[in-house]
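> Return atomic coordinates for the entry below.
(one chain, ligands or ions: 1)
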Amino acid sequence: MHILLTGGTGLIGRALCAHWIAQGHRVTVWSRQPARVHALCAGAQGVARLSDIAPDAAPDAVVNLAGAPIADRPWTAARRRLLWTSRVNLTEELVHWMGQLPRAPHTLLSASAVGWYGDAQEQILDEHSPPPGHADFGSTLCQAWEAAAWRAQDLGVRVAVLRIAPVLARQGGMLARLHLPFSLGLGGRLGSGTQWIPWVHMDDVVGLFDYLLHHGNCQGSFNASAPGAVRNAEFTQALAAALHRPAILPAPAWALRMLLGEMAVLLLGSQRVQPQRTLEAGYRFRYPELRAALGALY
Ligand SMILES: NC(=O)c1ccc[n+]([C@@H]2O[C@H](COP(=O)([O-])OP(=O)(O)OC[C@H]3O[C@@H](n4cnc5c(N)ncnc54)[C@H](OP(=O)(O)O)[C@@H]3O)[C@@H](O)[C@H]2O)c1
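Numbers count the residues shown, from 1 in each chain. Next comes the predicted model:
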């Protein structure tokens with residue numbers, strides 16, 4: 001297959017490029033810095049503009065991952081605009097381009113996040129759950145991002161949206177941020193520690209994208225979130241145990257809210273996510289439980 005990725009130079013994109021290139025697929029990455037693509041995704045070709053792809057060499061499948069990092073900086077008005085344009089507007093441009101091709105790709109796999117569900121306390125969340133009544137910015141953003149991707153269905157394209165949980169990988173994401181404080185013995189639960197934390201091992205993110213690419217009957221939303229969601233206090237203890245360090249310094253909720261504003265929902269919000277449709281579709285998680293996932297990484 002010829003697979004086009006947006007965000008192919010990122011944490012998930014690099015792992016997917018390596019996986020699909022090893023399988024013998026042809027991979028193109030639409031990037032703001034196409035010159036870096038070769039170094040980051042060996043074997044892939046970088047393009048600066050979609051128009052650089054000849055219509056007769058159009059991709060069979062498109063994988064949409066691009067977006068400015070959501071947890072790097074507080075959500076000021078300017079940051080919200082960037083988070084929005086780099087996901088919603090970029091996806092609109094991508095789908096518009098797909099519609100101009102003589103033959104549209106057969107599949108679009110588009111990233112979203114479990115942030116779609118908002119802060120839902122003890123409620124069990126699966127792909128059939130409705131969007132939250134009062135959506136925070138993260139949820140509103142995911143809803144608009146998904147809506148832009150669904151429009152590709154009007155072109156006859158099979159669309160699958162992956163609502164991704166915080167990814168466990170050593171090279172980046174949540175664990176890379178937590179590693180230093182926890183290694184120094186400065187880790188601890190966040191707020192009350194009772195909030196549910198969804199998570200997914202990087203191998204399962206790659207595994208699920210690959211599964212959905214190769215199973216032409218799979219469409220709709222799929223939670224890329226391990227079945228074994230845990231409470232924050234349990235996550236904290238499991239990570240501390242994996243690193244052989246104590247975790248006794250809790251971060252009070254008020255301090256996180258003061259520091260991060262609305263973005264504190266990423267740390268204090270509760271999301272008891274279950275991958276119901278993902279399991280029904282036949283995908284089997286390599287790491288369904290947290291301790292085994294962390295054990296494999298450390
Ligand atoms: N990692 C997680 O835990 C997680 C969890 C839930 C959802 N997700 C979502 O899944 C997607 C991939 O995640 P990731 O961790 O691989 O992300 P990442 O490492 O931050 O990479 C995202 C890619 O998006 C592109 N990008 C960044 N800023 C951009 C901007 N302002 N305009 C256009 N493109 C921009 C970059 O590609 P170029 O520099 O090549 O243009 C970058 O490599 C993201 O959209 C993320 O929100 C990730």
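> what residues are up against the spatially most central residue of the chain?
With distances taken as C-alpha atoms, centre = their mean, Ile164 lies nearest the centre of the chain, 3.9 Å away. Contacts for Ile164 were tallied using C-beta atoms under 8 Å, 6 or more residues apart in numbering; they are Ile12, Ala111, Ser112, Ala113, Val114, Val200, Val205, Ala224, Ser225. In this view, the C-beta of every residue, glycine as well, is placed from N, C-alpha and C.
> Now for Arg170, how many residues are close by?
Arg170 has 11 neighbouring residues, counting by other C-beta atoms under 10 Å.
> got the contact list for the residue nearest to it when sequence neighbours are not counted?
Among residues not flanking Arg170 along the chain, Leu297 sits closest, at 5.6 Å (C-beta to C-beta, 6 or more residues apart in numbering). Going by C-beta under 8 Å, 6+ apart, Leu297 touches Leu168, Ala169, Arg170, Leu175, His201, Ala242.
> Including secondary structure, distance to Leu125 and pLDDT, could the residues you listed go into TSV?
Shown next, in TSV, are these (DSSP: H, G, I helix; E, B strand; the rest coil; distance: C-beta to C-beta, whole Å; pLDDT from 0 to 100):
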residue	secondary structure	distance to Leu125	pLDDT
Leu168	strand	19	97
Ala169	coil	23	96
Arg170	coil	27	93
Leu175	helix	23	91
His201	strand	19	98
Ala242	helix	26	94
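> Widest-spaced pair of those?
Ala169 and Ala242 (13.8 Å; C-beta to C-beta).
> Chain neighbours aside, what residue packs nearest to the closest residue to the ligand within the chain?
Residue nearest to the ligand within the chain (C-beta to the nearest ligand atom): Gly10, separated by 2.0 Å. Spatial nearest neighbour of Gly10, chain neighbours left out: Leu65 (6.1 Å); criterion: C-beta to C-beta, 6+ apart.
> what's the answer for Leu40, then?
Thr9 (4.6 Å).
> can I assume the one you found is in contact with Ser31?
Yes. Between Thr9 and Ser31 there is a contact under C-beta atoms under 8 Å: 5.5 Å.
> Alpha carbons only: can I get the helix-or-strand element of the chain with minimal mean pLDDT in PDB?
In the chain, no helix or strand scores lower on mean pLDDT, DSSP states H and E than helix 253-260, which sits at a mean of 84. Extracted C-alpha coordinates of helix 253-260, given in PDB (Å, rounded to 0.1, in the frame of the first residue of the first chain):
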ATOM      1  CA  ALA A 253      -5.600  19.800  43.200                       C
ATOM      2  CA  TRP A 254      -5.800  23.500  44.000                       C
ATOM      3  CA  ALA A 255      -2.100  24.000  43.100                       C
ATOM      4  CA  LEU A 256      -2.500  22.200  39.800                       C
ATOM      5  CA  ARG A 257      -5.600  24.300  39.000                       C
ATOM      6  CA  MET A 258      -3.700  27.500  39.800                       C
ATOM      7  CA  LEU A 259      -0.700  26.500  37.700                       C
ATOM      8  CA  LEU A 260      -2.500  25.000  34.700                       C
END
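> Flag every buried residue along that helix.
Residues Ala253, Leu256, Arg257, Leu260 are the ones in helix 253-260 that count as buried (16 or more other C-beta atoms under 10 Å).
> so can I have a markdown table of those residues showing distance to the ligand?
Output for these, formatted as a markdown table (distance: C-beta to the nearest ligand atom, whole Å):
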| residue | distance to the ligand |
| --- | --- |
| Ala253 | 22 |
| Leu256 | 19 |
| Arg257 | 22 |
| Leu260 | 17 |
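> for the residues you listed, which one is nearest Thr76?
Nearest member of the buried residues of helix 253-260 to Thr76, counting by C-beta to C-beta, is Leu260, at 11.5 Å.
> which ones are touching that closest one?
Listed by C-beta under 8 Å, 6+ apart, the contact partners of Leu260 are Pro74, Leu266, Leu267.
> Looking at the residues you listed, which is nearest Ala281?
Among the contacts of Leu260, and counting by C-beta to C-beta, the member closest to Ala281 is Leu266, at 27.5 Å.
> That closest one contacts Ser139, doesn't it?
No. With contact defined as C-beta under 8 Å, Leu266 does not count as touching Ser139 (11.4 Å).
> contacting residues for Ile197?
Pro166, Ala229, Val230, Arg231, Asn232, Phe235, Gln271.
> Keep only the residues you listed that also lie close to the ligand.
Pro166 (C-beta under 6 Å from any ligand atom).
> Farthest pair within the contacts of Ile197?
Longest span within these, C-beta to C-beta: Pro166 and Arg231, 14.4 Å.
> higher neighbour count, the two?
Neighbour totals were compared for Pro166 and Arg231, and Pro166 leads with 21 against 17 (other C-beta under 10 Å).
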